[in-house]
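Undergrad: how would this look folded up:
(chains A and B)
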Amino acid sequence: MDAPTPAPTWLDQWWVGQAARLQGYRFALRRFLASPLTVTGVAVIILLFLVAAAAPVLAPYPEDAGTTTHLAQRLQPPSRAHLLGTDDLGRDILSRIIYGTRLTIQIGFVVTVLSLVIGVPIGAIAGFLGGKIDEALMRTADAFQSIPPLILALAVAAALRPSITNAMIAISVAWWPWYSRVVRGQVLSLRERTFVEAARCVGVQRRRIIFSHILPNCFSIILVQASLQVGNAILTAAALSFVGVGAQPPLPEWGLMLSVGRGFLPEVWWFVTFPGIAIFITVLGFNLLGDGLRDILDPRLRR
Amino acid sequence: MRFWSYLLQRLGFVVPILFLVTVIVFVISHVIPGDPAHVIAGMYASEAQVHTLRQEFGLDRPLWEQYWISFRRMVAGDLGTSLYTKRPVLSDLITYFPATLELTTFAMLLAIVFGIPLGVISARRTNQAADQATRFSSLAGLSMPAFWVGLLLQILLGFSWGLLPTRGRVDSLVTLDHPIRQLTGIYLFDTLVTGNWAGFKDVAGHILMPGVVLALGPLGLIVRMTRSSLLDVLREEYIKTARGAGLPENRVIYRHALRNALIPTVTVIGSMYGFLLGGSFVVESVFDWPGIGLWGVNAILNLDFPAIIGATLLYSLLRIVCNIVVDLSYYFLDPQIKLAGKYEG
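TA: Numbering: from 1, shown residues only, chains lettered A, B, ... in the order given. A predicted model of the protein is given here:
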């Protein structure tokens, strides 16, 4: 007589699940490595973080990131002592760009998290509850989205009084509807799935269904959307600073540096050129990553 | 007719959305600044002056009442008086709008005229390298801060080589000899229609740089969109049939494939117009282009709330109109698409 096969324990099940997950990761990794542009994007971002971390070591004149002035050396063209030249107060532009990476990373991170915190719950609630609440929330999102985001951010930043913190808040206020919309769409399709129905049948609370059953399944789509928006956040913050409602002196913010440098054109070309290159490379890095992630995690949207 | 009922339905959506926009804008201008009376009175006003102002502008009344008053005025077309230019906001908007309309439309046309053919060209090279190159350049276009590109172009083409003017819409020396007759306020059109060649040349020179700067982002997106949707269409059966029937490749692409491939591109173009309007704020201030953008940036820097509200409302209205036009264009491009289902999404 054969011994009955033992029922699979929870450990076996866990193990099978992990193997499948690992398979998925491996597949994603292969796709990631197959795209040189995505790898480049990641490399740029890693470099950015390294520069930010090592700023005091890398910057030739660390004290120039702040309020120091060397009026005798103002507006000097690139030379061996100042590789990227000096600004209107004689500060080393390279050092200020290097310290600026810290600010830039902070801006990208804070804006993304803030707009996620506003946008995701609204989208999830709208999608899950449906009906009048959905209608009201989505029409509000429509209204926010019908104001061009840069203009909404400018207006909010101006009203809050110019500062880099307020600029970050302003950009998030302009952006949450994009997250809401994406999350709502995803929730709408997840809502009808069997596992949600099962949870509902055993009497799980609505709030718990939304936040611990549905939202985790929106993770990849949120990640894609967020990574695509980080570059945008940095660009918008730079534009706000350029116009004058973002970072204020003496912060080494790249958009602000461009804005000040503009006053010394056309003779002083280096003052506007290099901070702009820094913005460009950083934003491109995040955009390459976001675009690559979209390909890997959300093939339906592939364009 | 289904078309008209759809149009009516869409227009029906506009009213509540615009209403909500006025609420948002009201909150920004009346709630966020703490005490708008202080803002209006300026830094050096006495407490008594601020108090008078508060009464004069109705700022001492409850918020909903203030909103209702300003809403009734807005509906009547009274957007208040700009604190900075001291003129009615509505007349300022009318004065400065043609310049912005001209610049953004010019940029959009540039992006379309170059973007679609470039997209077709890159779709015909289906190898990995072409894919990566299109992808890279379109992302690069979106990653460049427009104001920075503008400043670099000014340095190179304007200051160093002296090829193009760096600021304004038209040279006053040129208008002295060849005054521009204001027909529409769109200078390129006005000079062309009146046969003012000297004026046209000068105006075209002025619009070129800001136009190119503004077009960069949309250009990248249009190239990419055209390429990918053309590649999708080229896989369809009817294309195989057309090729099998021995039609020349150019005819297959331009007559049969492109027309269908353009539908997603049109969507991008419509949504890009809103992007351009936002971008015009920064680009106009780089090039001193006397449009709503430059005027709006001044309003923002001076905390001129009536003007900020006016510009925001105008731009929202434009953006909503663009979205409706995009939706309606589906109707003409692809009769199979069900209009009614379009809004849910």
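Undergrad: can we go C-alpha only for contacts and neighbour counts from here?
TA: Fine.
Undergrad: quick one: contacts for B:I116?
TA: By CA atoms under 8 Å, 6 or more residues apart in numbering or on different chains, B:I116 lies in contact with B:222-223, B:226.
Undergrad: That one - that's part of a helix, no?
TA: Yes - B:I116: assigned to a helix according to DSSP: H, G, I helix; E, B strand; the rest coil.
Undergrad: Check the spacing between it and B:N260 real quick.
TA: Counting by CA to CA, to the nearest Å, the separation of B:I116 from B:N260 is 13 Å.
Undergrad: likewise B:S229?
TA: 9 Å.
Undergrad: which of those two has more neighbours?
TA: Using other CA atoms under 10 Å in any protein chain shown as the criterion, B:S229 and B:N260 rank with B:S229 on top: 22 against 18.
Undergrad: pretty sure the more buried one is touching B:R259, no?
TA: No - with contact defined as CA atoms under 8 Å, B:S229 does not reach B:R259; the gap is 10.6 Å.
Undergrad: tell me which helix or strand of chain B sits lowest on mean pLDDT?
TA: helix B:36-41 (a mean of 68; mean pLDDT, DSSP states H and E).
Undergrad: which is the next helix or strand following it?
TA: Tracing the chain C-terminally past helix B:36-41 and defining elements by DSSP states H and E, one meets helix B:47-56 next.
Undergrad: Output that following helix as CSV - backbone C-alpha positions only.
TA: Provided in CSV are the C-alpha atoms of helix B:47-56 (Å, rounded to 0.1, in the frame of the first residue of the first chain):
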residue,chain,number,x,y,z
GLU,B,47,-2.7,99.0,9.9
ALA,B,48,-5.4,101.5,9.2
GLN,B,49,-4.7,101.4,5.5
VAL,B,50,-4.9,97.6,5.5
HIS,B,51,-8.2,97.8,7.3
THR,B,52,-9.7,100.1,4.7
LEU,B,53,-8.5,97.9,1.9
ARG,B,54,-10.0,94.9,3.6
GLN,B,55,-13.4,96.6,3.7
GLU,B,56,-13.0,97.9,0.2
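Undergrad: residues making contact with the helix or strand following that helix?
TA: Downstream of helix B:47-56, the first helix or strand assigned by DSSP H and E is helix B:63-75. For helix B:63-75, contacts defined as CA under 8 Å, 6+ apart pick out B:22-23, B:26, B:58-59, B:79.
Undergrad: Save those as CSV, and put in distance to chain A, pLDDT and neighbour count too.
TA: Output for those, formatted as CSV (distance: CA to the nearest CA, whole Å; pLDDT from 0 to 100; neighbours: other CA atoms under 10 Å in any protein chain shown):
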residue, distance to chain A, pLDDT, neighbour count
B:T22, 9, 86, 22
B:V23, 9, 88, 16
B:F26, 11, 84, 20
B:G58, 19, 71, 16
B:L59, 16, 72, 18
B:L79, 16, 85, 22
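Undergrad: which residues does whatever residue of the stretch 1-150 of chain A ends up closest to chain B contact?
TA: Nearest to chain B in the stretch 1-150 of chain A, going by CA to the nearest CA, is A:I147, at a distance of 4.6 Å. Residues near A:I147 by CA under 8 Å, 6+ apart: B:21, B:312-313, B:315-316, B:319.
Undergrad: low-scoring stretches of chain A, by residue?
TA: A:1-6, A:298-303 (pLDDT under 70).
Undergrad: That one: helices as residue ranges?
TA: If DSSP state H is used as the criterion, the helices of chain A fall at A:10-34, A:36-53, A:55-58, A:93-129, A:131-146, A:149-159, A:164-191, A:194-201, A:206-208, A:219-243, A:254-262, A:269-297.
Undergrad: now, of the ones you listed, which is deepest in the fold?
TA: helix A:149-159 (a mean of 27; mean count of other CA atoms under 10 Å in any protein chain shown).
Undergrad: Tell me which residues are up against that helix.
TA: Contacts of helix A:149-159 (CA under 8 Å, 6+ apart): A:163, A:166-167, A:169-171, A:173-175, A:236, A:240, A:245-246, B:28-29, B:32-33, B:278-279, B:281, B:300-301, B:303, B:308, B:312.
Undergrad: try 6 Å this time
TA: A:166-167, A:170-171, A:174, A:245, B:33, B:278 (CA atoms under 6 Å, 6 or more residues apart in numbering or on different chains).
Undergrad: Measure how far that helix is from the centre of its chain, please.
TA: How far helix A:149-159 lies from its chain's middle: 19 Å, per CA atoms, centre = their mean, to the nearest Å.
Undergrad: hang on, the earlier thing: among the contacts of B:I116, which one sits closest to chain A?
TA: Closest approach between these and chain A, by CA to the nearest CA: B:T226, at 9.7 Å.
Undergrad: The stretch 201-303 of chain A against chain B: which residues are in contact?
TA: For the stretch 201-303 of chain A, the residues in contact with chain B (CA under 6 Å from any CA of the partner chain) are A:266, A:276, A:280, A:283-284, A:303.
Undergrad: how about 7 Å then?
TA: For the stretch 201-303 of chain A, the contact set with chain B under CA under 7 Å from any CA of the partner chain comprises A:235, A:266, A:276, A:280, A:283-284, A:287, A:303.
Undergrad: Please dump these into a markdown table; it should also carry distance to B:A123 for every row.
TA: As requested, these are exported to a markdown table (distance: CA to CA, whole Å):
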| residue | distance to B:A123 |
| --- | --- |
| A:L235 | 29 |
| A:P266 | 41 |
| A:G276 | 32 |
| A:F280 | 27 |
| A:V283 | 26 |
| A:L284 | 23 |
| A:N287 | 22 |
| A:R303 | 12 |
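Undergrad: Pull the most distant pair out of these.
TA: Pairwise distances across those (CA to CA) peak at 40.5 Å, for the pair A:P266 and A:R303.
Undergrad: Those two: which is more packed in?
TA: Between A:P266 and A:R303, counting by other CA under 10 Å, A:P266 is the more crowded of the two (18 against 15).
Undergrad: what's near enough to touch that one?
TA: Taking CA atoms under 7 Å, 6 or more residues apart in numbering or on different chains, we find A:P266 in contact with B:155, B:159.
Undergrad: What parts of the stretch 201-345 of chain B come near chain A?
TA: Applying CA under 7 Å from any CA, one finds that the stretch 201-345 of chain B approaches chain A through B:225, B:228, B:274-275, B:278, B:300, B:303, B:308, B:312, B:315-316, B:319-320, B:345.
Undergrad: circling back: save the contacts of A:I147 as TSV, and put in pLDDT and secondary structure too.
TA: Shown next, in TSV, are the contacts of A:I147 (pLDDT from 0 to 100; DSSP: H, G, I helix; E, B strand; the rest coil):
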residue	pLDDT	secondary structure
B:V21	89	helix
B:T312	88	helix
B:L313	88	helix
B:Y315	89	helix
B:S316	88	helix
B:R319	86	helix
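Undergrad: in the stretch 201-345 of chain B, what residue is nearest chain A?
TA: Relative to chain A, the nearest point of the stretch 201-345 of chain B is B:S316 (4.6 Å; CA to the nearest CA).
Undergrad: which residue packs closest to that residue, ignoring adjacent ones?
TA: Distance criterion CA to CA, 6 or more residues apart in numbering or on different chains; nearest residue to B:S316, sequence neighbours excluded, is A:I147 at 4.6 Å.
Undergrad: The one you found and B:V325: what is the separation?
TA: From A:I147 to B:V325 the distance is 17 Å (CA to CA).
Undergrad: Flag the shaky bits of the stretch 201-345 of chain B, pLDDT-wise.
TA: Ranges of the stretch 201-345 of chain B meeting pLDDT under 70: B:333-345.
Undergrad: same thing but 80
TA: B:267-268, B:270-271, B:274-275, B:303, B:326-345 (pLDDT under 80).
Undergrad: same question, the stretch 51-200 of chain B
TA: B:53-63, B:83-84, B:125-128, B:130-131.
Undergrad: What segments of it are helices?
TA: Along the stretch 51-200 of chain B, the stretches classed as helices by DSSP state H, counting those that start in this stretch are B:63-75, B:89-123, B:128-143, B:146-153, B:172-177, B:187-193, B:197-234.
Undergrad: Let's have those helices in JSON lines, adding distance to A:L47.
TA: Shown next, in JSON lines, are those (distance: least, CA to CA, whole Å):
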{"stretch": "helix B:63-75", "distance to A:L47": "50"}
{"stretch": "helix B:89-123", "distance to A:L47": "31"}
{"stretch": "helix B:128-143", "distance to A:L47": "17"}
{"stretch": "helix B:146-153", "distance to A:L47": "23"}
{"stretch": "helix B:172-177", "distance to A:L47": "49"}
{"stretch": "helix B:187-193", "distance to A:L47": "47"}
{"stretch": "helix B:197-234", "distance to A:L47": "25"}
